[in-house]
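Visitor: Dropping a prediction and its sequence here:
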Amino acid sequence: MEIDVLKRIACGCFLVALLLVPGPSWSQEQDPASVVEILARVRDDLIQLRLEQALASLDGLFERSDLTRQERADAWVLRSRAHVAFGDLDAAMEDYREILNLRPGFRQESSLVTPEAEKRFNKLRAEMISTLRLDIQPADAVLIIDGEKILPSASGTVAVLAGSRRIRLEKRGFDALDEELDLPAGVEFGFQRQLFPNARDVVIRSWVPGVQVLVDGGEAGETARAGNSSEGYGDSQGGVLVIQDMSLGEHQFEFRMDCYLTQSLKRMVTVDIMEPTPLLLPRLEMERLHVPLVAKADFPQAEIFVDGDKVGDLQSELLFLCPGERDVEFRAGGRTVYGSRVNARDGEPVEIAATARPTVILAGADSWPAALEQAALRYSRAEMESTPLDRGVNDPERWDPDDFPADVDLVFAVLEKDDLGVGRMIMYSPILDSFQEMTPERVDALSALRPVWMVPAPGVKLVDAPGGGGILVAAVRPGGPAGRAGLSPGARLLDLDGQAPAAVVDYEAALAGTAPGESRTLRFRTGDGEDDVLEVVVPSGDSPLVAGSAMRGQALPLMAAWARVDMAAYPDRSVSAQANLALALAEAGNFKAAVEAWKRVRWTDRPGIGEGTRAYYLGRVLDRLGREDEAVRAFRRAASTHATVFTDDGPGVAPAARDHLADLGVSSADLHE
């Protein structure tokens, strides 16, 4: 009796020591919290020798259907230790049998069980377990026994339940092996097998990364910069692509890359069973394709971009394109001043003669309507992923300039469409943040106009002679072309470029029709003699043109668009274009922006269009904003100059400036203080 008690106490001590060792991990995939909680409680019960309570908890756990194989094996291990603590070795043997069925590699630690329990366990293990000693090629093949993946021990052995077992070996790129073995218990069984490859990794290297690879007509990937990876197949400068498990046999390879000649290669893929290393194809040397680009422009400076990448500038001697459709942009002054899509063909130079033009986008339609197609050809067309219309903002009054890219000058929008697909059309200006209703006819007519900011100004004031006696010179502007030629008041106009106008109105119309870059020649009779004829040559663009109220008859969005692009592209007309943009902003009601625009205008204090002109228009905008003190200073400045409006030959600004000052409470006497 006393001996039995001592044995039970000793077993209890063994159990306590055993349970102080960290328990095994188990799966937490199916209701993990409750399973972990129960097993932890059982361990605590065993430590406290609450053996009956521990066994009861385990019995309840075994009834659950959500236990994983690992969790069930852990539960049987705890049950066996409880039975050993009770001294019930027969029950422990049944537990061991369940453990070995679930975990054939399980072994008892001698220090944690009684000698008798260890002896019985070892005897049962010898009756149930067989050992496989593996010699498998390739060594990293996956071993599957009865559907379960098995990880061999470090010594290359695997404990397996004796009896008929289904063995499977598999590895990517090899034929799988399936066998059924009858394994005797208590025996170490040698298992030597060789898998045969059915595929091979193929390594493709290129001197430049980004080569697209096709195999037998299907996409296989593209070479990428290798760095220190890719198993040493590439280098930091080139690219590499590893195609895994390519089937054995003949394959057709094709190598493509934008701007490079497509190459092809036919190669037989074989493998050495004894050394199945990857197949390295010869390193690709892609042949670059070049299409010459001849780029010219009527503006002096521009950087040239192709598909968003800079390729040179207007001074570059050699420019090239890649074959195919390409977007070519000329950028000056920080923006696109010309854009076009070209179709570059190998061996055919692409010639572009660029003239700066606004950039437009289309909203509310997938393609340009036929009614707008001709007009759109006069602009650089851009695209954007999402316009306000795409986001459901159909009212242009709710649009914001920030809704559009910075380089966009105009937006042609097709709003509500009728049953025939024709909708309301508008022209929106992100520059002015305003829009105008348009018809296709009006868009086409206005788009044909190319505003000019510099015009010829002879420097004379002409009047109709009494009684229809021709056109007489009433005044000559000092420093103008006529003044420099020596013309005096009283001379009679003979002709303008060989055509004799009947009246001043005809002369003005003819002069207004001067094309950009065109000079004009006037002949005057200065006396009664045959030789008393004076010729005055008026250079092209001699005078800035400030459109003034004449702009109201035009489309403000178009005027602003042309002004902004000309400011960036043409230095010789940029100041005049800036002045006209300021006028357009004021006309659209954007007075604050107009003030800032006028402050950026830089003219000298000269007769004609000059500093006085800028001061006069600035004063008008400041007055509209209620900034009277600033407006007075600007009008005072204008009133003290010989500046004009419209052109160098236009009316002087001083009288108009004095009128504004009077309206602001500044008397004539105050002007001389």
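Guide: The structure has been received and is ready for your questions.
Visitor: Can you give me the neighbour number for Val538?
Guide: Val538 is flanked by 25 other residues according to other CB atoms under 10 Å. Using the backbone N, CA and C atoms, a C-beta is placed for each residue, glycine as well.
Visitor: For it, give me its contacts.
Guide: Contacts here follow CB atoms under 8 Å, 6 or more residues apart in numbering; on that basis Val538 touches 456-458, 481, 519-522.
Visitor: Widest-spaced pair of the residues you listed?
Guide: Ala457 and Thr521 (14.1 Å; CB to CB).
Visitor: Pick out whichever of those two has more residues nearby.
Guide: Ala457 (27 against 13).
Visitor: Is the residue lying closest to that one once chain neighbours are set aside bridged to anything, and to what?
Guide: Ranked by CB to CB, 6 or more residues apart in numbering and with sequence neighbours excluded, the top spatial neighbour of Ala457 is Ser543, at 3.4 Å. Per DSSP bridges, residues listed as beta-bridge partners of Ser543: Val455.
Visitor: Considering the contacts of Val538, which possesses the most neighbours?
Guide: Of all those, Pro458 has the most neighbours under the rule other CB under 10 Å, reaching 30 neighbours.
Visitor: Next one: it relative to Val538, how far apart?
Guide: As for Pro458, its distance to Val538 is 5 Å (criterion: CB to CB, to the nearest Å).
Visitor: between those two, what contacts are shared?
Guide: Shared contacts of Pro458 and Val538, defined by CB under 8 Å, 6+ apart, are found at 481, 520, 522.
Visitor: now, which of the residues you listed sits nearest Asp298?
Guide: Comparing these against Asp298 with CB to CB picks out Arg520 as the nearest, at 20.2 Å.
Visitor: give me every residue that touches that closest one.
Guide: 456, 458, 496-497, 511, 514, 537-538.
Visitor: With distance to Leu261 and pLDDT as new columns, can those residues be given to me in CSV?
Guide: Supplementary listing: the contacts of Arg520 in CSV, determined by distance: CB to CB, whole Å; pLDDT from 0 to 100:
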residue, distance to Leu261, pLDDT
Pro456, 54, 86
Pro458, 61, 91
Leu496, 60, 92
Asp497, 56, 91
Leu511, 58, 83
Thr514, 52, 79
Val537, 57, 88
Val538, 56, 85
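Visitor: Out of the residues you listed, which is nearest to Ala353?
Guide: Within the set of these, Thr514 lies nearest Ala353; the separation is 22.2 Å, counting by CB to CB.
Visitor: Go ahead and report the secondary structure state at that closest one.
Guide: Using DSSP: H, G, I helix; E, B strand; the rest coil, the secondary structure recorded for Thr514 is coil.
Visitor: pretty sure it is touching Met454, no?
Guide: No - with contact taken as CB atoms under 8 Å, Thr514 and Met454 are classed as non-touching, separated by 10.0 Å.
Visitor: Between the two, tell me which one has more neighbours.
Guide: For Thr514 versus Met454, neighbours defined as other CB under 10 Å are more numerous around Met454 (23 against 19).
Visitor: ok, now which ones touch that one?
Guide: Residues counted as contacts of Met454 (CB under 8 Å, 6+ apart) are 516, 540-545, 572-573, 576.
Visitor: now swap in Tyr617 and tell me
Guide: Contacts for Tyr617 (CB under 8 Å, 6+ apart) come out as 546, 579, 582-583, 586, 598.
Visitor: so it sits in a helix?
Guide: Yes - the secondary structure assignment for Tyr617 places it in a helix, going by three-state DSSP.
Visitor: quick one: it and Asp566, what's the gap?
Guide: Computed as CB to CB, the Tyr617 to Asp566 distance reads 18 Å.
Visitor: Next: Val575.
Guide: In this structure, Val575 and Asp566 are separated by 10 Å, where distance is defined by CB to CB.
Visitor: do the same with Gly210
Guide: 40 Å.
Visitor: These two: who's more crowded?
Guide: For Gly210 versus Asp566, the count of surrounding residues by other CB under 10 Å is larger for Asp566: 28 against 14.
Visitor: May I ask which helix or strand encompasses that one?
Guide: Assignment of secondary structure by DSSP states H and E places Asp566 within helix 556-569.
Visitor: again, but for Val294
Guide: The secondary structure element spanning Val294 is strand 291-297 (assigned by DSSP H and E).
Visitor: Leu362 now?
Guide: Element membership for Leu362 (DSSP H and E) is strand 359-363.
Visitor: Dump that strand to PDB, restricted to CA.
Guide: What follows is the C-alpha trace of strand 359-363 in PDB, where atoms were taken according to Å, rounded to 0.1, in the frame of the first residue of the first chain:
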ATOM      1  CA  THR A 359      -3.400  73.500 -76.600                       C
ATOM      2  CA  VAL A 360      -7.000  72.300 -76.500                       C
ATOM      3  CA  ILE A 361      -8.900  69.400 -75.200                       C
ATOM      4  CA  LEU A 362     -12.300  67.900 -76.000                       C
ATOM      5  CA  ALA A 363     -14.900  67.200 -73.200                       C
END
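Visitor: Pairing partners for that strand, with directions?
Guide: strand 380-381 (parallel), strand 410-417 (parallel).
Visitor: which residues does Arg103 contact?
Guide: With contacts defined as CB under 8 Å, 6+ apart, the neighbours of Arg103 are Ala73.
Visitor: For stretch 310-317, give me every contacting residue.
Guide: The contact list for stretch 310-317, computed with CB under 8 Å, 6+ apart, reads 293, 295-297, 300-305, 318-321, 330.
Visitor: shouldn't Gly486 be in contact with Glu535?
Guide: No - Gly486 is beyond contact range of Glu535, at 10.7 Å (criterion: CB under 8 Å).
Visitor: on that earlier part again, could I get the contacts of Val538 in TSV, plus columns for distance to Ala141?
Guide: Converted to TSV, the contacts of Val538 look like this (distance: CB to CB, whole Å):
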residue	distance to Ala141
Pro456	90
Ala457	92
Pro458	97
Pro481	96
Ser519	89
Arg520	93
Thr521	96
Leu522	99
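Visitor: Which of these fall in strands?
Guide: In strands, defined here by DSSP state E, the members of these are 520-522.
Visitor: I'd like the average pLDDT over stretch 647-655.
Guide: Taken as a whole, stretch 647-655 has a mean pLDDT of 90.
Visitor: Give me the buried stretch members for it, please.
Guide: Judged by neighbour count using 16 or more other CB atoms under 10 Å, the buried positions of stretch 647-655 are 647-650, 652-654.
Visitor: Return the closest of the contacts of Arg520 with respect to Glu116.
Guide: When the contacts of Arg520 are ranked by distance to Glu116 (CB to CB), Thr514 comes first, at 121.2 Å.
Visitor: who are the neighbours in contact with that closest one?
Guide: Per CB under 8 Å, 6+ apart, neighbours of Thr514: 455-456, 520, 540.
Visitor: hmm, back to that, after the helix holding Asp566, which helix or strand is next?
Guide: Sequence-wise, the next helix or strand beyond helix 556-569 is helix 574-587, with elements assigned using DSSP H and E.
Visitor: Quick one: mean pLDDT over that next one.
Guide: The model assigns helix 574-587 a mean pLDDT of 94.
Visitor: tell me what that helix is packed against?
Guide: strand 543-544, helix 556-569, helix 591-599, helix 611-624 (3 or more CB pairs under 8 Å, 6 or more residues apart in numbering; DSSP states H and E).
Visitor: tilt between that helix and helix 611-624?
Guide: Orientation note: helix 574-587 sits at an angle of 20 degrees relative to helix 611-624 (axes from the mean of the first three to the mean of the last three CA atoms, to 10 degrees).
Visitor: tell me the angle helix 574-587 makes with helix 556-569.
Guide: What separates the directions of helix 574-587 and helix 556-569 is an angle of 150 degrees, with the same axes, to 10 degrees.
Visitor: tilt between helix 574-587 and helix 591-599?
Guide: Between the axes of helix 574-587 and helix 591-599, defined by the same axes, to 10 degrees, the angle is 160 degrees.
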